[in-house]
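**Q** Everything below, folded, please.
(one chain, ligands or ions: 1)
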Amino acid sequence: MHIQENLQHIKSTLPNHVTLVAVSKTKPVNDLMEAYNAGQHIFGENKIQEMVEKYQTMPKNIEWHMIGHVQRNKVKYMAGFVSLIHGVDNFKLLIEINRQAKRYRRVINCLFQIKIASEDSKFGMTASEASEIIKSEAFSELKNIKIIGVMGMATFTEDENQIKKEFTLLKTIFDSLKSVETFNFKPETISMGMSGDYQLAINCGSTMIRVGSRIFGERN
Ligand SMILES: *Cc1c(COP(=O)(O)O)cnc(C)c1O
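**A** Predicted coordinates:
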């Protein structure tokens with residue numbers, strides 16, 4: 001694998017306002033260290049246990065992003081160190097993240113995962129669900145979380161037009177939510193785009209891409 005070359009290639013094509021999350025799920029620490037030594041300090045994992053293990057063995061100036069579906073009872077394992085939780089798709093989960101963050105005297109940054117794909121299997125909330133949460137009294141009491149934007153996953157399809165439509169939808173939803181700003185809702189990030197579609201995502205307004213196989217090679 002040419003992890004360093006892959007990284008350099010991707011980075012050379014990214015506009016300054018786009019953050020690269022290196023998605024390292026299933027990959028061994030040696031591979032992550034190769035990326036780390038090439039200057040990549042933001043990693044994305046989709047399983048909490050695996051992220052905790054890598055966190056424990058790797059340098060402490062890494063930003064760890066949880067990009068997968070989060071089970072409430074596992075939030076406690078990452079609450080002490082996670083930098084950004086991409087997949088917040090319900091209010092109960094947010095309450096638990098807030099509760100655990102408070103134990104560590106931290107404020108944990110989160111994204112609302114919005115369902116933009118047509119498939120049933122993709123998690124996420126609707127724009128109106130997100131908007132209702134933001135406007136609720138209960139949300140205004142959560143002092144240990146901050147929602148800094150939205151995340152979405154496009155349908156798994158070859159149809160570029162459909163992917164583009166879904167990315168554009170997420171950008172539109174982000175813009176409409178942006179009209180409100182509170183101390184714990186400061187939208188600035190749109191997390192969309194993966195190995196196969198990140199260029200399209202950037203054209204549609206992405207500010208954060210999550211790239212795995214293009215950096216580390218295919219997963220088993
Ligand atoms: C695995 C994963 C990615 C990266 O996928 P690649 O196609 O390997 O770039 C991005 N986002 C999420 C949520 C993932 O689970």
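**Q** okay, CA-based contacts and neighbour counts for the rest of this
**A** Fine.
**Q** what's the neighbour count on the closest residue to Lys74 other than its chain neighbours?
**A** Leaving aside its sequence neighbours, Lys74 sits nearest to Ile48 (CA to CA, 6 or more residues apart in numbering; 7.1 Å). Ile48 is flanked by 22 other residues according to other CA atoms under 10 Å.
**Q** what's the answer for Asn98, then?
**A** By other CA under 10 Å, 23 other residues sit near Asn98.
**Q** Let me know the secondary structure of it.
**A** Under DSSP: H, G, I helix; E, B strand; the rest coil, the three-state class of Asn98 is helix.
**Q** For it, give its distance to Thr155.
**A** 30 Å (CA to CA, to the nearest Å).
**Q** picking that back up, pull the contacting residues for the residue nearest to Lys74.
**A** Shown in contact with Ile48 (CA atoms under 8 Å, 6 or more residues apart in numbering): 66, 70, 74-75, 77-78.
**Q** Ok, Lys115 next?
**A** Counting by CA under 8 Å, 6+ apart, Lys115 touches 122-126, 152-153.
**Q** So which of those residues wins on neighbours?
**A** Gly152 (27 neighbours).
**Q** who's in contact with that one?
**A** Under the criterion of CA under 8 Å, 6+ apart, the neighbours of Gly152 are 113-116, 124, 167, 170, 191-192.
**Q** how near is the residue nearest to Lys74 to Glu96?
**A** Counting by CA to CA - Ile48 and Glu96 are separated by 15 Å.
**Q** which of the contacts of Lys115 sit farthest apart?
**A** Between any two of the contacts of Lys115, the greatest separation by CA to CA is 13.1 Å, found for Thr126 and Met153.
**Q** hang on, isn't Gln113 packed against Phe91?
**A** No: assessed by CA atoms under 8 Å, Gln113 is found out of contact with Phe91, at 11.5 Å.
**Q** Comparing those two, which shows the higher neighbour count?
**A** Gln113 (28 against 16).
**Q** What is the subsequent helix or strand relative to the host helix or strand of the more buried one?
**A** Per DSSP states H and E, Gln113 falls inside strand 108-113. Going down the chain from strand 108-113, the next helix or strand is helix 127-135, by DSSP H and E.
**Q** which parts of that next one are buried?
**A** Neighbour-count burial for helix 127-135, counted by 16 or more other CA atoms under 10 Å, picks out 127, 130, 134.
**Q** number of nearby residues for Glu53?
**A** 11.
**Q** Am I right that it falls within a helix?
**A** Yes: the assignment for Glu53 (three-state DSSP) places it in a helix.
**Q** if I look at it, how far off is the ligand?
**A** Distance, Glu53 to the ligand, using CA to the nearest ligand atom, to the nearest Å: 18 Å.
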